[in-house]
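Visitor: Pasted the sequence and its predicted model underneath.
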Amino acid sequence: MNFKKRSLIFVTFFVSCFCISLLGAALGTEHWVEAGCRREGDFSEKSNGTVNFGLFQGSRHLNSGLGDRYYPMNMLQILYRERSFLQYELYISTIALVSGGILFGIFASLLAIVNTAYNPIEAICHVPGLYLTNGLAMLSSLAAFITWMVQFYTKLTHNVLIREDREEGRWRSDGMAIYGYSFWLTVIATVCYLINIGIISYATWDPVVKKKTKHFESLPAKQTGDTMLY
C-alpha cells in the first residue's frame, strides 16, 4: 500500500477507538431510558418525578409534594425481584451485543495498526480482516440498539417503575418514556463503524487493477486459455 492508503487505514484506528469509547460509555451510563412520572390520588397536582436507568444502574427522583427524594436502582437486583419488569432475554442480549461491539472494535483497531505498519500476507490480517472486524462490530452495535428498541416499545413505554412505586406510591409512567443519551451513543457508534467500512473501501479501491480484471474476464475462453498457458 502507498502512503495515502496507509494513512486512510490508520484513520480507521481512531474511528474504532472513538466507537469503543462510545459503546463503553453506553454500557456504563444510566440513561438508556428516561421518563417522567405522575402520582395518582392525594397531592397529585403537587407531585412530580423522573426515572432514568441504564443496563446496570439507575435512579428515581420522586416528589410526593414534600420534597424531592432520590432512590438508586440496581437493575440486576430489580430483575431478580421482578422478572417481568423487563424482557430478560432482550436485556441480556443488549448487554452482550454492546460488549461484542466493543470487542470487535478492539480487533478492528489492532488490525488497522498492523496494516498501517506493514503489509501482512494472511487474508484475515489484511483487508478482508478489516472488513470482517468492522462489519461484525457494526452489526453487533446495530443489533444492540434494535433489541433495546424492541424492549422500549414492548415494556418501557408502559412502565419504568418498580412494583413498590406503582402499588404503594401510586406512581405511573405510561406514555412518558423517551430514549436517553446512552441509547443514542450506540446508534452513533454503529454509524461510525459504517464510516470505517467506507474508508477501507475507498483506501483499497484500485481502478487500474479493477480495469485489468474486467478486461481479462471479457476475453474469449480460448484466448484466455492461451494467455494462461503462455
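Guide: Received it, and whenever you're ready, just let me know what you need. Bear in mind the structure is a predicted one, so any value in this text is a computation, not a measurement.
Visitor: any idea whether G65 is helix, strand or coil?
Guide: Of the three states, G65 takes coil under DSSP: H, G, I helix; E, B strand; the rest coil.
Visitor: Quick check, it in contact with S47.
Guide: Yes. With contact defined as CB atoms under 8 Å, G65 and S47 form a contacting pair (5.5 Å). Any C-beta I mention is one placed from the backbone N, CA and C, and that applies to glycine too.
Visitor: Tell me which of these two has more neighbours.
Guide: S47 (20 against 12; other CB atoms under 10 Å).
Visitor: what's around W184, how many residues?
Guide: For W184, the count of nearby residues is 15 (other CB under 10 Å).
Visitor: the strands in the protein, which residues?
Guide: Along the chain, counting by DSSP state E, strands occupy 33-39, 48-53, 57-63, 68-74, 171-172, 177-179.
Visitor: Now A35. Nearest residue, chain neighbours left out?
Guide: A177 (3.9 Å; CB to CB, 6 or more residues apart in numbering).
Visitor: could the strands of the chain be laid out in TSV, adding mean pLDDT?
Guide: Listed next are these as TSV, based on pLDDT from 0 to 100:
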stretch	mean pLDDT
strand 33-39	93
strand 48-53	94
strand 57-63	93
strand 68-74	92
strand 171-172	91
strand 177-179	96
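Visitor: got these as TSV, with distance to M149 columns?
Guide: Shown next, in TSV, are the strands of the chain (distance: least, CB to CB, whole Å):
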stretch	distance to M149
strand 33-39	11
strand 48-53	16
strand 57-63	18
strand 68-74	21
strand 171-172	23
strand 177-179	8
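Visitor: Would you mind saying which of those strands lies nearest P128?
Guide: strand 177-179 (35.2 Å; CB to CB).
Visitor: That closest one pairs with which strands, parallel or anti?
Guide: strand 33-39 (antiparallel) (DSSP bridges).
Visitor: which residues touch the strand it pairs with?
Guide: 44, 47-53, 62, 64, 152, 156, 160-161, 165, 169-173, 176-180, 183 (CB atoms under 8 Å, 6 or more residues apart in numbering).
Visitor: Can you list the buried residues in it?
Guide: V33, E34, A35, C37, R39 (16 or more other CB atoms under 10 Å).
Visitor: Show me what the third one is bridged to.
Guide: To tie it back to what came earlier, the one meant is A35. Residues in beta-bridge contact with A35 (DSSP bridges): V51, A177.
Visitor: Please report the distance of it from S173.
Guide: Between A35 and S173 the distance is 5 Å, computed by CB to CB, to the nearest Å.
Visitor: Return every residue with contacts to both of these two.
Guide: V51, V160.
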